[in-house]
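Enquirer: Sequence and computational prediction follow.
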2 protein chains.
Amino acid sequence: MPVLPPKPEPIAPPSGFRVGAASAGVKDPAERGRRDDIMLLVADVPVVAAGVFTQNEVRAACVAQSEAILKHDPAGVRALVANSGNANCLSGKEEEDWTRRMREAAAQALGLGPEQVLAASTGVIGEPFPIARVAAAIPEAAASLGHSPAHWQRAAEAIRTTDTHAKWACEERENFRIMGIAKGSGMIHPRMATMLAFVATDLALPQAMLARLLRRAVAESFHTISVDGDTSTNDCVIAFAHAAKAPPSRKTLQAFARALQAVCMRLARQIVLDGEGASRCMEIAITGARTKRQARKVAEAIATSPLVKTALAGADPNWGRILAAAGKAQAGIARARLSLWMEDVRVVEGGVRAAGYREEQGAEIFARPFFRVRLDLGLGRATAKMLTTDLSYDYVRINAEYRT
Amino acid sequence: MPVLPPKPEPIAPPSGFRVGAASAGVKDPAERGRRDDIMLLVADVPVVAAGVFTQNEVRAACVAQSEAILKHDPAGVRALVANSGNANCLSGKEEEDWTRRMREAAAQALGLGPEQVLAASTGVIGEPFPIARVAAAIPEAAASLGHSPAHWQRAAEAIRTTDTHAKWACEERENFRIMGIAKGSGMIHPRMATMLAFVATDLALPQAMLARLLRRAVAESFHTISVDGDTSTNDCVIAFAHAAKAPPSRKTLQAFARALQAVCMRLARQIVLDGEGASRCMEIAITGARTKRQARKVAEAIATSPLVKTALAGADPNWGRILAAAGKAQAGIARARLSLWMEDVRVVEGGVRAAGYREEQGAEIFARPFFRVRLDLGLGRATAKMLTTDLSYDYVRINAEYRT
């Protein structure tokens, strides 16, 4: 059960893109025709593309090939083909070839060259990829292409694996729209590759600018959520924008940067709040850090600590664990300068328990489904935020017993 | 329940040391006289001391003071006072003072100066330290001093917190004995500081040599176990040896280095196998690494991955998670060079599933209470090993619900 029901997001697709879906029965041939698991995105106008890919050194073929295409000719890209149900990772010697054939099938159906098509896969790791079923369904996805909200919604459904709901977010301004879809609920599923996100905008941008803004938006959104600290072999965020030689006005660009970040952040929140086994969500704010890097390091150590996350599961306001996790980060903090707040309640002052703090105050806050803690390092002005969920019985159940 | 019952270890205390214990009711005054929670170790001959302390930046006063003493005059040290039941960490403004007074009480009872006494505390974090009860019990511990196996056993009992059994290990050679006691069962207990280990030998050594050998032994023992990847505010390993100006023969020294590491490793294994909530233990061997550092980084990423540890809980031979965790380490591995074995079964070859591997083989191995996996990086000749336990329902229960 997700922590919070997803807020209904309006859908306002950008012009110049069509999406389609089909059911290949990727995971199970018996499901062919019953549940979409292939999606296509195609641009009808000249576009540029950019991507951010997993830093994991064990990466799927789709990550390697999409990254290579974007490095070589990002302005030539016109389409994206994605599937759920099988990550095509560690699947065998044919892995590279299977991804190439998936891209070729999409290129043929769309009248493009294979080097114009990016690929993304999500699902089980280590199983043979059913390329014949995938290739057979791609023309059906091409035949279903359209630009309506319903088409985008169907595309978002097609990339779901164990998500409890499809995820999308949009922003609309006077002179552009941004549409994003994503899948992921933390890498909490056996052999499941975590998250994919695809973003399209009808703002015309030079490619280098799109790439830079995407990197920045991802750093402040998808990289600030942590369900279990594990990264996957298939993670990617891919963005498309209408192509432009010259940048838009500074004002438009700033508005776009903010809107892009908002879309990414809303998708990221949907992912973390959909973490299966999650019953509680804590926002960790680090303030008073010397550098952004220091703030992030401390925030991440807290967000990924099993001791903090089990305390969260037990609604136990265990501030000792939060400080111990911060100290573990080896980020150069000074205990005597630490202050900690749970919401507005001061818990630690100068590295020791605050005089006025009473355990009941913390207990009341930790019982909430969503709350904030703030750790001030007392060293500078840099800040960072992360969202984390609890490490619950259900997390263990899902991960330990999924295949039984 | 521990994974394996502890093997009975013989006790052969080294000459020149006496230990004692007493019951202060540190955690609960009602337990005064019922369960030992104070221990003393005192040297009757000139000794040298060395320590290895937690790298956590949030550290207890006892860690700071003991480290300072060892830095300033390690040859002057004659005794150690330790308590369980309260870590005296983040306990309030008086924390430094409380540790100092504990050392002063021990110094007075033993006729020493306070700068000759090291201190160690373990137990709850963030609670006021009952210095009056501790100081009152220390003379009783001094009155109980003795050098028999039973005295050492009682000392080992006195430092237990939630350990299911007391932990000790000894080595005896022609010309020396080494005796070690430890407490810890992974930092899996709310507000509990993880591990303490105290080692004494009657081999006469220069201090610098003891310090160097201890660092090396700790690196290959306590630093290779992982229950949850968290480090604590109070961890320390302290060693005493008879004092010598000149080193022993090279042969004796080599024998001592091996024996010291054996003692530390046996204590470390007792700790990891006593992890509450642990039902299964996996040894991770990394081979074929370019450097020791690279091997350690990969081993640690696997040992601390929640996805690997939940797979272990479910007896699921999920090799995709092992490789994904290795890739997460950012240690410069190359997927195409990876090979993985579960015991003698080859699972991955050249970065993909090995042709002959059958899931039933892995399932049989993962059902065992103890087994080995080996990941060869195919890059060089360096190796590293780590022990890890599963992340089970009981781990969550103990950590989430301890205070309910």
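Expert: Nice, thanks for sending it over.
Enquirer: Please tell me the pLDDT value assigned to residue A:219.
Expert: For residue A:219, the model assigns a pLDDT of 87.
Enquirer: One more: residue A:20?
Expert: 98.
Enquirer: Over to residue A:401?
Expert: At residue A:401, pLDDT is 61.
Enquirer: Over to residue A:17?
Expert: For residue A:17, the predicted pLDDT is 98.
Enquirer: Can you get me a residue count around it?
Expert: Residues near residue A:17, counting by other Cβ atoms under 10 Å in any protein chain shown, number 25. Bear in mind the C-beta positions are built from the backbone N, C-alpha and C, glycine included.
Enquirer: How about the residues of the stretch 251-400 of chain A by chain B?
Expert: Selection of the stretch 251-400 of chain A residues close to chain B by Cβ under 8 Å from any Cβ of the partner chain yields A:305-307, A:310-311, A:313-314, A:316, A:318-321, A:323-335, A:338, A:348, A:350-353, A:390-393, A:395-397, A:399-400.
Enquirer: out of these, which are buried?
Expert: A:305-307, A:310-311, A:313-314, A:316, A:318-321, A:323-329, A:331, A:333, A:335, A:338, A:348, A:351-353, A:390-393, A:395-397, A:399-400 (16 or more other Cβ atoms under 10 Å in any protein chain shown).
Enquirer: From residue B:130, how far out is the residue lying farthest from the centre of chain A?
Expert: Each residue of chain A has a distance to the centre, and by Cα atoms, centre = their mean the biggest one is for residue A:355: 40.7 Å. With distances taken as Cβ to Cβ, to the nearest Å, residue A:355 is found 19 Å from residue B:130.
Enquirer: can you check residue A:106 too?
Expert: 71 Å.
Enquirer: which of the two has more neighbours?
Expert: Using other Cβ under 10 Å, the more surrounded residue of residue A:106 and residue B:130 is residue A:106, with 29 against 22.
Enquirer: Which residue, other than its chain neighbours, is closest to the more buried one?
Expert: Spatial nearest neighbour of residue A:106, chain neighbours left out: residue A:81 (3.8 Å); criterion: Cβ to Cβ, 6 or more residues apart in numbering or on different chains.
Enquirer: ok, that neighbour to residue A:135 distance?
Expert: Residue A:81 is 10 Å from residue A:135, where distance means Cβ to Cβ.
Enquirer: Could you check which of these two has the larger neighbour count?
Expert: Set side by side, residue A:81 and residue A:135 show more neighbours around residue A:81, with 28 against 19, by other Cβ under 10 Å.
Enquirer: Just the endpoints, please. Distance across stretch A:363-380?
Expert: Chord length of stretch A:363-380, first to last residue, is 30 Å (Cα to Cα, to the nearest Å).
Enquirer: pLDDT (mean, whole number) over it?
Expert: According to the model, stretch A:363-380 has a mean pLDDT of 94.
Enquirer: Tell me the buried residues in that stretch?
Expert: Going by neighbour count (16+ other Cβ under 10 Å), the buried part of stretch A:363-380 is A:364, A:365, A:366, A:371, A:372, A:373, A:374, A:375, A:376, A:377, A:378, A:379.
Enquirer: For chain A, give me the ranges with low pLDDT.
Expert: A:1-8, A:186-193, A:226-231, A:276-277, A:393, A:395, A:397-404 (pLDDT under 70).
Enquirer: following the helix ranked longest in it, which helix or strand shows up next?
Expert: Counting residues, the longest helix found in chain A (DSSP state H) is helix A:250-273. Counting by DSSP states H and E, the next helix or strand C-terminal to helix A:250-273 is strand A:281-289.
Enquirer: Run through who's touching whichever helix or strand comes after that next one.
Expert: Sequence-wise, the next helix or strand downstream of strand A:281-289 (DSSP H and E) is helix A:292-304. Under the criterion Cβ atoms under 8 Å, 6 or more residues apart in numbering or on different chains, residues A:224, A:226, A:228-229, A:284-287, A:289, A:308, A:322, A:325-326, A:328-333, A:375, A:377, A:379, A:382-388 lie in contact with helix A:292-304.
Enquirer: count of neighbours near the nearest residue to residue A:320 once chain neighbours are set aside?
Expert: Spatial nearest neighbour of residue A:320, excluding adjacent residues (Cβ to Cβ, 6+ apart): residue B:125 at 3.7 Å. Applying other Cβ under 10 Å, we find 28 residues neighbouring residue B:125.
Enquirer: try residue A:253
Expert: So residue A:253, with other Cβ under 10 Å, has 15 neighbours.
Enquirer: residue boundaries of the strands in the stretch 301-404 of chain A?
Expert: Taking DSSP state E, counting those that start in this stretch as the criterion, the stretch 301-404 of chain A carries its strands at A:339-342, A:345-349, A:352-353, A:370-376, A:382-389.
Enquirer: Give me the sheet partners of the last one and which way each runs.
Expert: What it means is strand A:382-389. Applying DSSP bridges, strand A:382-389 is found paired with strand A:225-226 (parallel), strand A:281-289 (antiparallel).
Enquirer: Just the CA atoms of stretch A:129-145, as CSV, please.
Expert: Taking Å, rounded to 0.1, in the frame of the first residue of the first chain, the C-alpha atoms of stretch A:129-145 are listed here in CSV:
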residue,chain,number,x,y,z
PHE,A,129,14.7,-11.5,-23.5
PRO,A,130,11.7,-12.5,-25.7
ILE,A,131,12.8,-10.5,-28.7
ALA,A,132,10.4,-12.2,-31.1
ARG,A,133,7.3,-11.2,-29.1
VAL,A,134,8.7,-7.7,-28.6
ALA,A,135,9.4,-7.2,-32.3
ALA,A,136,6.0,-8.6,-33.2
ALA,A,137,4.2,-6.1,-30.9
ILE,A,138,6.1,-3.0,-31.9
PRO,A,139,4.2,-2.4,-35.2
GLU,A,140,1.0,-2.6,-33.1
ALA,A,141,2.3,0.1,-30.8
ALA,A,142,3.2,2.2,-33.9
ALA,A,143,-0.3,1.8,-35.2
SER,A,144,-1.7,3.1,-31.9
LEU,A,145,0.3,6.4,-31.9
